[in-house]
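In: Coordinates for the following, if possible.
(one chain, ligands or ions: 1)
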Amino acid sequence: MNLKTLSNRINRLDQSKPKVGFPESCTCFPPNEHPTLGLRPEREAVASVLCPLHGKRFSTFRWPPFHSTRPSHWKAMWKDKSAQYRKAMKASFRSDRWPAVGTIDQSGILCFVLKDGTEISRETLVPLFEDNHQQALAKDGRPMYAAVPNASLVGPPPGSQELAYFTEDDEWRYHD
Ligand SMILES: [Zn+2]
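Out: Numbering: from 1, shown residues only. Predicted coordinates for the structure are as follows:
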């Protein structure tokens, strides 16, 4: 077979392939991009939503590559994924419950809470320490805690009854 014949044959094969793409109303995850979600309530939410065309929207979860108590449904976690993955994620989380908001109390306990009050994660944060073994404080005196990756979280003002809040729009709060 000469090259020209081969090239013609490949062209014919290309034309006979089904068109790649997802129908407008399909909310399935792409077969090669399994949903990446670390918290059980997030996985339950994603699994409970069906595609109007195909029903079950994915075959398995992809686990996060590192242990994280950070919610994986926050938009920063999937903004670089394919258009179909983003569509599938948007269809997964009802806006009357999601996204979660993070709170830190005076004891350094970090919780993520949904709009209906459901707590989806809770952990005790590890304080950050300076080289001189003093606990690291933000410029305004608030305690700082270690976070992943390479970031820190800032708690509420010391001695107050307040909580520190952060949302998916804040990202992790990097310090100066
Ligand atoms: Zn579908």
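In: Number of residues surrounding Lys79?
Out: Number of residues near Lys79 (other CB atoms under 10 Å) recorded here: 9. (Each C-beta comes from the backbone N, C-alpha and C, glycine too.)
In: Now do the same contact list for Leu37.
Out: The neighbours of Leu37, taking CB atoms under 8 Å, 6 or more residues apart in numbering as the test, are 43, 46, 61, 64, 72-73.
In: burial measure for the closest residue to Thr27 other than its chain neighbours, as a count.
Out: Distances taken as CB to CB, 6 or more residues apart in numbering put Ala91 closest to Thr27, at 3.9 Å, once the chain neighbours are dropped. Neighbour count of Ala91, defined by other CB under 10 Å: 19.
In: Check the gap between Ala91 and Pro23 for me.
Out: The spacing between Ala91 and Pro23, counted by CB to CB, to the nearest Å, is 13 Å.
In: Quickly list the domain ranges of this protein.
Out: Taking automatic domain parsing as the reference, the chain has its domains at 24-90, 101-166.
In: what about the strands in the chain?
Out: Remark: strands assigned in the chain by DSSP state E are 101-104, 109-113, 119-124, 144-147, 151-154, 164-166.
In: can you list those strands in JSON lines and add mean neighbour count and mean pLDDT?
Out: Formatted as JSON lines, those follow (neighbours: other CB atoms under 10 Å; pLDDT from 0 to 100):
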{"stretch": "strand 101-104", "mean neighbour count": "20", "mean pLDDT": "94"}
{"stretch": "strand 109-113", "mean neighbour count": "18", "mean pLDDT": "94"}
{"stretch": "strand 119-124", "mean neighbour count": "14", "mean pLDDT": "92"}
{"stretch": "strand 144-147", "mean neighbour count": "18", "mean pLDDT": "86"}
{"stretch": "strand 151-154", "mean neighbour count": "20", "mean pLDDT": "82"}
{"stretch": "strand 164-166", "mean neighbour count": "16", "mean pLDDT": "91"}
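In: Can I get the ones you listed in TSV including distance to the ion?
Out: Output for the strands of the chain, formatted as TSV (distance: least, CB to the ion, whole Å):
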stretch	distance to the ion
strand 101-104	30
strand 109-113	29
strand 119-124	26
strand 144-147	36
strand 151-154	36
strand 164-166	34
